[in-house]
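Enquirer: can you look at this prediction? I've put the sequence above it.
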Amino acid sequence: MAEVYGVTGMPLSGKTTVADYMQDHGFAVLDMGDVVRIEMEKRNIATEDTGQWVNDMRAQHGMDAIARISIPYLKEMAEEKERIVITGMRGWSEKKRFEKETGHDIEVVAVWTSRETRRERREDRKREEDVKGDGFDERDLREVENGVGKLMALSDHMIKNEDISEEQLEHKVEKLIES
């Protein structure tokens, strides 16, 4: 693996959109949220229990528990791709776990969007965990408790995804990966 980025941010900030743009520029995408959904499905755990399951995993296996279950997916991806973006990193310990397991530095990209805009996106998106899972405020607090704020504060790059078009966001991503 030559080039690895981790994308972090609060729910509905645009992490997946940033990763999609990176994918358009040759990056493979490992979405930690997808890993969580796959692993929960394997265990027959209901979608509305996502927050509790993630918290239980972290309580039992440490704050890097979701990174640990993502490692096999990352290693498989790394066999074929030189450029990878990991979406949904929530804490510093996850970054460190990925770096330890891969032997590569990970540049963290924080995506920031206001609470008001994220709340509006929630209404528009209506992803299953948005409807059946924790409420907006509860989910935000869980993310902060899990370390997303610290990871954003210590990030290598910051993208403000507020009051801009999709084209402007894509341009910001292009500038980032070309630097």
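Expert: Arrived safely. Numbering: from 1, shown residues only.
Enquirer: what about the strands in the protein?
Expert: 3-9, 28-31, 83-87, 107-112, 157-160 (DSSP state E).
Enquirer: for residue 4, see how far away residue 66 is.
Expert: Distance of residue 66 to residue 4, computed by Cβ to Cβ, to the nearest Å: 17 Å. To be clear about C-beta, it is placed using only N, CA and C from the backbone, and glycine gets the same treatment.
Enquirer: now residue 148
Expert: 19 Å.
Enquirer: which ones are touching residue 43?
Expert: By Cβ atoms under 8 Å, 6 or more residues apart in numbering, the contact set of residue 43 is empty.
Enquirer: what are the phi and psi values for it?
Expert: Backbone torsions of residue 43, given as degrees, to the nearest 10, read phi -100, psi 10.
Enquirer: against residue 50, how distant is it?
Expert: 12 Å.
Enquirer: could you find the closest non-adjacent residue to residue 115?
Expert: residue 140 (7.3 Å; Cβ to Cβ, 6 or more residues apart in numbering).
Enquirer: tell me the pLDDT at that neighbour?
Expert: Residue 140 carries a pLDDT score of 89 in this model.
Enquirer: same thing with the one 3 residues further on?
Expert: As summarised for this prediction, residue 143 has a pLDDT of 88.
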